[in-house]
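In: Turn this into a model:
(one chain, ligands or ions: 1)
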Amino acid sequence: MDYMKVKGSIVVVSGPSGSGKTSLAREVCSELGDKAYFSISTTTRPKREGEKDGVDYFFVSKDEFLEDVEKGYFIEWAEVHGNFYGTSKKEINKALDEGKIVFLDIDVQGHEAVRKAYPDIVTSVFVTTKNKEVLIQRLKKRGTESEESLKVRMINALHEMKKIPEYDYLLINDDFNEAKEFLRAVAIASLIKRSKYNIEKFIEFWKGNK
Ligand code: 5GP
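Out: So this is what the prediction gives:
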């Protein structure tokens, strides 16, 4: 199968906090079982109630984070809402070699960087709510944000929405199950993206010349 540039694929899921992108990506990923891998980011953000180290994120200090940056541990890293977040390289490359669909729940800056690093194998989905009010309600209901943090997240939401044209798909998460179906369909289709193939090699293989 050396006519495939990389066996697996990357699905980037971005969108405002409260859009439901993390729940969508995690559920689709777990339903896909062995076929998929959800990348756990490293962050300097304080742990929220109910979050677990190594499950939701790898929670580290700012110094530890910057050390990892120095070591070249991340494919990309960015400052989001005043905290650092990074995507680690090693596990992702392993999952790609194994032919898996790698889900990255990252912000718009992360999307730009990952697309540059892996232009042929990235499919991206921007997830949002049908309007601003629904987003505010969801964030309030989640109850994890202070008034201040809520304001920051709403301002950032609009900045992020302006990057929608850079994404392959726009998913309005109104009905969760329907949104899940769409994300699952996109994720599976990402494995046969044309740019993943080296077409010349494929034609040689197809002719039987290997
Ligand atoms: P939260 O603090 O709500 O978990 O995440 C805040 C934002 O950071 C979300 O938009 C999330 O997608 C983004 N994020 C999480 N991990 C990473 C990462 O590794 N890299 C980048 N660039 N953004 C991330």
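In: pLDDT at the residue of the chain found nearest the ligand, what is it?
Out: Closest to the ligand within the chain is residue 110: 2.6 Å, counting by Cβ to the nearest ligand atom. (C-beta placed from N, C-alpha, C; glycine too.) Per-residue confidence (pLDDT) for residue 110: 97.
In: Look at it and say how many residues are nearby.
Out: 23 (other Cβ atoms under 10 Å).
In: element containing it, please.
Out: helix 108-117 (DSSP states H and E).
In: For the protein, just list every one of the strands.
Out: For the chain, applying DSSP state E gives strands covering 9-14, 36-38, 42-43, 58-59, 74-80, 83-88, 101-105, 122-128, 169-172.
In: Determine which stretch of those strands is the most buried.
Out: Here the criterion is mean neighbour count by mean count of other Cβ atoms under 10 Å, and of the strands of the chain the winner is strand 9-14, at a mean of 26.
In: Below-threshold pLDDT in this structure: ranges please.
Out: Residue ranges of the chain with pLDDT under 70: 1, 210.
In: 90 instead?
Out: Applying pLDDT under 90 to the chain flags residues 1-2, 17, 49, 80-82, 139-153, 209-210.
In: Residue numbers of it in contact with the ligand?
Out: 17, 41, 45, 76, 78, 80-81, 85-87, 105-107, 109-110 (Cβ under 6 Å from any ligand atom).
In: Show me what the closest residue to the residue of the chain closest to the ligand other than its chain neighbours is bridged to.
Out: Nearest residue to residue 110, sequence neighbours excluded (Cβ to Cβ, 6 or more residues apart in numbering): residue 76, at 5.0 Å. Assessed by DSSP bridges, residue 76 has beta-bridge partners residue 87.
In: contacting residues around residue 76?
Out: 86-87, 106, 109-110, 113-114, 117 (Cβ atoms under 8 Å, 6 or more residues apart in numbering).
In: give me that answer again for 6 Å
Out: Neighbouring residues of residue 76 by Cβ atoms under 6 Å, 6 or more residues apart in numbering: 87, 110, 113-114.
In: Same question for residue 105.
Out: Listed by Cβ under 6 Å, 6+ apart, the contact set of residue 105 reads 13, 22, 25.
In: For residue 127, state which of those residues is nearest.
Out: residue 13 (6.1 Å; Cβ to Cβ).
In: what pairs with that closest one across the strands?
Out: Beta-bridge partners, per DSSP bridges, of residue 13: residue 105, residue 125.
In: Quick check: it vs residue 190, distance?
Out: Plainly put, residue 13 is 12 Å away from residue 190 if you go by Cβ to Cβ, to the nearest Å.
In: Ok, residue 160 next?
Out: Residue 160 sits 21 Å away from residue 190, going by Cβ to Cβ.
In: again, but for residue 19
Out: 20 Å.
In: now swap in residue 94 and tell me
Out: Where residue 190 is concerned, residue 94 sits at a distance of 18 Å (Cβ to Cβ).
In: Same drill for those two, tell me which one is more crowded.
Out: residue 190 (22 against 13).
In: The more buried one and residue 8 touch, don't they?
Out: No. In this structure, residue 190 is not within contact of residue 8 by Cβ atoms under 6 Å, at 9.0 Å.
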